[in-house]
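# Show me the folded form of this:
(2 chains)
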Amino acid sequence: DMKVTQMPRYLIKRMGENVLLECGQDMSHETMYWYRQDPGLGLQLIYISYDVDSNSEGDIPKGYRVSRKKREHFSLILDSAKTNQTSVYFCASSPQGNNQAPLFGEGTRLSVL
Amino acid sequence: GQGVEQPAKLMSVEGTFARVNCTYSTSGFNGLSWYQQREGQAPVFLSYVVLDGLKDSGHFSTFLSRSNGYSYLLLTELQIKDSASYLCAVRDRYNQGKLIFGQGTKLSIKP
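Below you'll find the model as predicted:
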């Protein structure tokens, strides 16, 4: 079954805590993405990964880092979370090729208090 | 610079049609995608266009004019369940293939 799975779906953290968001896909897609979505701003790209250990910053990478040690798994890490990182985070994956539209996971709602 | 613009809201009536507009600017256009996103859910892929003209996919059709940096998504025979946000995304060949999303248009359908 072609699917992008995100864990957890909901998360509440305190300011300064570390946050780990996990994403998996079962399609052997080379490219994976992390976006955040805020009202009025749409989806903003945080990081893109072209394959294992081949990661590139997106438009808003500050305050985030990523890890991709296996093709099917892509993690987003917030070291010392801030309140302005409260958002909905979406992971997506796509095969190589510019005409391949990403498939999105269900999202993780993160609240940083 | 690069950017994708969409109107924030659109209203229409059940049984009629709705046209969701998208304008973009990019240095190396390499395709435009449309997604549907229901409240609290993931974006779902609808259509991809890279050549000028109208692409008819039944309930959803998409139009592209590369010279004008313009696309629209046309929904016909609207149903209440078509109420959702519609996202336009552009890929730039000079930006490592990254997708740039517009803010999305929230379509509300009245009976």
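# Quickly check: the longest strand along chain A near chain B or not.
For chain A, the longest strand by residue count, based on DSSP state E, is strand A:42-51. Yes: judged by CB under 8 Å from any CB of the partner chain, strand A:42-51 comes into contact with chain B through A:42-45, A:48. Backbone N, C-alpha and C define where each C-beta goes, glycine included.
# and residue 45, what pLDDT?
Went with chain A since none was named. pLDDT, A:Leu45: 94.
# ah, no, chain B please
The per-residue pLDDT of B:Phe45 was computed as 93.
# got it, and A:Leu41?
83.
# Now stretch A:20-36: average pLDDT?
pLDDT averaged over stretch A:20-36 gives 95.
# Show me what secondary structure element comes after the longest strand of chain A.
strand A:54-57 (DSSP states H and E).
# what helices or strands is that next one leaning on?
Under the contact definition 3 or more CB pairs under 8 Å, 6 or more residues apart in numbering or on different chains; DSSP states H and E, strand A:54-57 sits against strand A:42-51, strand A:65-70.
# buried stuff in that strand?
A:Asn55 (16 or more other CB atoms under 10 Å in any protein chain shown).
# Partner strands of it and their direction?
strand A:42-51 (antiparallel) (DSSP bridges).
# List the buried residues in the strand it pairs with.
A:42-49.
# How about stretch A:89-108?
With burial defined by 16+ other CB under 10 Å, the residues of stretch A:89-108 counted as buried are A:89-94, A:100-108.
# residues contacting the closest residue to A:Val66 other than its chain neighbours?
With CB to CB, 6 or more residues apart in numbering or on different chains as the criterion, A:Val66 has its nearest non-adjacent residue at 4.5 Å, and that residue is A:Tyr47. The contact partners of A:Tyr47, by CB atoms under 8 Å, 6 or more residues apart in numbering or on different chains, come to A:33-34, A:55-58, A:61, A:64-66, A:76.
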